[in-house]
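Visitor: sequence-free structure coming up:
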Ligand code: GDP
Ligand code: MG
C-alpha cells in the first residue's frame, strides 16, 4: 500500500565547495550542473547554491551544492555556509602548491563548523595544466589517505572526472544514510 510513498521519498543532501580562492570551485560546479566553463571567471559570480538531481541506485537524489561568493579570499566563510552540510569537496589547484598547503586549515574549518561527519573528497583540480604541475598525484593521495578522505584529480576545463567527483560524495552519503 505504501509504494507511492516510497517512490516519492526525497533525498536532499547539502554539499559544500571549499578551498582557496581561484582553485576552480565555481567552475567545477558550473561544469557539473550546466556543462559550462568560464575561462576568466571572477570570484564574485558564485551563486549561493545549485540543486542538481542525480540518480543513485535508481533513487532520485537532490544534491544541493553550495558555492562561495568569494568570501574565502578573506577567510570569512561563515558558519551558515557549513550548517547542515553532509558532504564537501575540498579543492586545491595542482599548479599552485600554496593551495595544497591550505588543505589542513580548510579541514580544521570544516570540522569546527559541522556537527556531523561530513563525507569529504579531496579534489586536485586543473589536471589539464600538466606543464605547470606543482603537486604530484602521489602527494594528493597520501594526504587523502592520512586524513581519511576520498581523492580525485579533476579538470573543470576539459571535464575530466568532474561528474565522478560529485557522484563519489553523493553515493557515499547515500550508502551511509540508507
Ligand atoms: P574559485 O575561486 O575557486 O571559484 O575558482 P574559479 O572557478 O572562479 O576559477 C578560477 C580561475 O581558474 C578561472 O580563471 C577559471 O577559468 C580557472 N579554472 C578553473 N578550473 C580550471 C581547470 O580545471 N583548468 C584550468 N586550466 N583552469 C581552470
Ligand atoms: Mg568561486
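Guide: Noted; the coordinates are in hand. Please read all numbers here as calculations on a predicted model, not as lab measurements. Ligands and ions are numbered 1, 2, ... in the order given.
Visitor: quick one: contacts for residue 37?
Guide: The neighbours of residue 37, taking Cβ atoms under 8 Å, 6 or more residues apart in numbering as the test, are 27, 30-31, 156-157. Yep, even glycine has a C-beta here, placed from its N, CA and C like the rest.
Visitor: likewise residue 51?
Guide: Counting by Cβ under 8 Å, 6+ apart, residue 51 makes contact with 62-65.
Visitor: Do I have it right that residue 159 meets residue 31?
Guide: Yes: taking Cβ atoms under 8 Å as the definition, residue 159 is a contact partner of residue 31 at 6.1 Å.
Visitor: ok, those two, which is more surrounded?
Guide: residue 31 (22 against 14; other Cβ atoms under 10 Å).
Visitor: what's the helix or strand harbouring that one packed up against?
Guide: Residue 31 is located in helix 25-34, with elements delineated by DSSP states H and E. Counting contacts by 3 or more Cβ pairs under 8 Å, 6 or more residues apart in numbering; DSSP states H and E, helix 25-34 is packed against strand 11-18, strand 49-56, strand 59-66, strand 87-93, helix 162-177.
Visitor: any bit of that helix sitting next to ligand 1?
Guide: Yes: using Cβ under 6 Å from any ligand atom, helix 25-34 comes into contact with ligand 1 via 25-27.
Visitor: Please identify the buried residues of that helix?
Guide: 25-33 (16 or more other Cβ atoms under 10 Å).
Visitor: what does stretch 81-92 give?
Guide: Going by neighbour count (16+ other Cβ under 10 Å), the buried part of stretch 81-92 is 81-82, 85-92.
Visitor: Using a markdown table, lay out those together with distance to ligand 2.
Guide: As requested, those are exported to a markdown table (distance: Cβ to the ion, whole Å):
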| residue | distance to ligand 2 |
| --- | --- |
| 81 | 13 |
| 82 | 16 |
| 85 | 17 |
| 86 | 21 |
| 87 | 18 |
| 88 | 15 |
| 89 | 12 |
| 90 | 14 |
| 91 | 10 |
| 92 | 14 |
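Visitor: Can you tell me how far residue 147 is from residue 115?
Guide: Separation of residue 147 from residue 115 (Cβ to Cβ, to the nearest Å): 19 Å.
Visitor: Can you tell me which residues in the chain are near ligand 1?
Guide: Residues of the chain lying close to ligand 1 (Cβ under 6 Å from any ligand atom) are 21-27, 38-41, 43, 125-126, 128-129, 155-157.
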